[in-house]
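Engineer: Sequence below, structure please.
(one chain, ligands or ions: 1)
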Amino acid sequence: MSEYHGRFAPSPTGPLHFGSLLAALASYLDARHHQGRWSVRIEDLDPPREDPTAADSILRILEDYGLFWDGPVIRQSERSDAYEETLDQLRQQGLAFPCACSRRQLGDRLHLGICPTPGQSDFAWRFLCPSGELTLHDGLQADHSYQLEQDIGDFVIRRRDTLWSYQLAVITDDAFQQITHVVRGIDLIDSTARQYLLQEALKLPHPEYSHIPVATEDNGQKLSKQNLALPLRAADAADVLWQALDWLQQHPPASLRGASCQTLLEWATDHWQIEALAGLTQQPAPAGFRRRS
Ligand code: GLU
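Structural biologist: Numbers count the residues shown, from 1 in each chain. From the prediction side, this is the model:
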């Protein structure tokens, strides 16, 4: 299985926290268990939401945890030409159209085909969503079916403020990097349908997707930068790694508590069983990572 190529693709909106470590670790272990490559891609597409120090701090913490990646780190902020090409291809096929509608004007009409308010200079580009039903298979979660017109609709691929949408950038880069397997949090599972449709339209290969559960706070909300999840520190990396493996249902032996990150990762690569997460959608974060509610 040397053709396996996985990736971790953080948005640099803040420092790495326990929730994002889980996605990094699961994608890393799945790749290494299959003797595959593992890349890191910084998804810095939205400067107003970003913290200018976050990308470097995320990379440093990954290294502190022993999660070393292959090849160069790709930064989406440097890939505009590639995204422009993707948009051009969709336009040439008649699958992208300009749209000046605000969300309020659209209401719950998701499928337009053509913009009802043309002729404005300020517009977004939308993907012309096909109609019908799409059923997606996931490595961990149950099959999910979408009624495309109602559930997906003509989604934005380039924003009115000219920023690229996550969906367009991610499929361009997954194809460019020849990513074969995507392991990420279940909060992104509905994005997979949009990504699948874009890949289909552009005749790009579909990676295999596995969506792992998300870690939650006491109040059931996902641990996230927006919810001020605690940043990870280098000082207790090995202890946190042990807890992350336990959270990922890998049952690391108690005797490995106190072992180095390298020893833990070697054990976890050998014993990795992604199936242990099948059907799980969320679990509380370990006590030390939850904020008291
Ligand atoms: N950049 C996205 C995030 O940080 C993840 C993208 C992906 O894994 O497809 O939520």
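Engineer: Can you get me a residue count around the nearest residue to R291 once chain neighbours are set aside?
Structural biologist: Distance criterion C-beta to C-beta, 6 or more residues apart in numbering; nearest residue to R291, sequence neighbours excluded, is E217 at 5.8 Å. Placement of C-beta: from N, CA and C, glycine included. For E217, the neighbour count with other C-beta atoms under 10 Å is 20.
Engineer: Against the ligand, how distant is E217?
Structural biologist: 17 Å (C-beta to the nearest ligand atom, to the nearest Å).
Engineer: quick one, strands of the chain?
Structural biologist: 5-8, 37-42, 74-75, 96-99, 124-127, 133-136, 144-147, 156-158, 181-185, 208-212, 214-216, 282-284 (DSSP state E).
Engineer: Contact partners for H17?
Structural biologist: Neighbouring residues of H17 by C-beta atoms under 8 Å, 6 or more residues apart in numbering: L223, S224, K225, A229, L230, P231, L232, F289.
Engineer: Put the buried members of these into a ChimeraX selection.
Structural biologist: Command for ChimeraX, covering only those of the contacts of H17 found buried under the criterion 16 or more other C-beta atoms under 10 Å:
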select :223,224,225,229,232,289
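Engineer: Rebuild the contacts of H17 as JSON lines, extending it with distance to A24 and pLDDT.
Structural biologist: Converted to JSON lines, the contacts of H17 look like this (distance: C-beta to C-beta, whole Å; pLDDT from 0 to 100):
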{"residue": "L223", "distance to A24": "14", "pLDDT": "87"}
{"residue": "S224", "distance to A24": "15", "pLDDT": "79"}
{"residue": "K225", "distance to A24": "14", "pLDDT": "72"}
{"residue": "A229", "distance to A24": "14", "pLDDT": "77"}
{"residue": "L230", "distance to A24": "16", "pLDDT": "85"}
{"residue": "P231", "distance to A24": "14", "pLDDT": "90"}
{"residue": "L232", "distance to A24": "10", "pLDDT": "94"}
{"residue": "F289", "distance to A24": "15", "pLDDT": "88"}
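Engineer: sorry, back to before: can you tell me which of the strands of the chain is most buried?
Structural biologist: strand 5-8 (a mean of 25; mean count of other C-beta atoms under 10 Å).
Engineer: Could you export that one as CSV, CA atoms only?
Structural biologist: The C-alpha coordinates for strand 5-8 follow below in CSV (Å, rounded to 0.1, in the frame of the first residue of the first chain):
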residue,chain,number,x,y,z
HIS,A,5,-1.0,9.6,0.7
GLY,A,6,-2.8,11.2,3.7
ARG,A,7,-2.8,14.7,5.0
PHE,A,8,-3.6,17.0,7.9
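Engineer: can you give me the offset of that strand from its chain's centre?
Structural biologist: Centroid separation for strand 5-8 versus its chain: 10 Å, with C-alpha atoms, centre = their mean, to the nearest Å.
Engineer: Are that strand and the ligand in contact anywhere?
Structural biologist: No: using C-beta under 6 Å from any ligand atom, strand 5-8 stays clear of the ligand, with a minimum separation of 7.3 Å.
Engineer: Quick check: neighbours of that strand in the sheet, parallel or antiparallel?
Structural biologist: strand 37-42 (parallel) (DSSP bridges).
Engineer: C129 versus whichever residue of the stretch 101-250 of the chain sits closest to the ligand, what's the distance?
Structural biologist: Residue nearest to the ligand within the stretch 101-250 of the chain: R184 (3.9 Å; C-beta to the nearest ligand atom). Remark: distance between R184 and C129 (C-beta to C-beta, to the nearest Å) = 22 Å.
Engineer: what's the answer for I274, then?
Structural biologist: From I274 to C129 the distance is 31 Å (C-beta to C-beta).
Engineer: Ok, Y209 next?
Structural biologist: Relative to C129, Y209 is positioned 19 Å away (C-beta to C-beta).
Engineer: sorry, back to before: want to throw the strands of the chain into TSV with distance to L29 and mean pLDDT?
Structural biologist: Converted to TSV, the strands of the chain look like this (distance: least, C-beta to C-beta, whole Å; pLDDT from 0 to 100):
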stretch	distance to L29	mean pLDDT
strand 5-8	9	98
strand 37-42	9	98
strand 74-75	21	98
strand 96-99	37	91
strand 124-127	33	94
strand 133-136	23	98
strand 144-147	24	96
strand 156-158	32	95
strand 181-185	9	98
strand 208-212	11	98
strand 214-216	16	95
strand 282-284	17	95
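Engineer: Select, out of the ones you listed, the one closest to D88.
Structural biologist: Closest of the strands of the chain to D88 is strand 96-99, at 8.8 Å (criterion: C-beta to C-beta).
Engineer: Give me the distance between the nearest residue to G14 once chain neighbours are set aside and Q199.
Structural biologist: Excluding the flanking residues, the one nearest G14 by C-beta to C-beta, 6+ apart is K225, at 3.6 Å. Here K225 is placed at a distance of 28 Å from Q199 (C-beta to C-beta).
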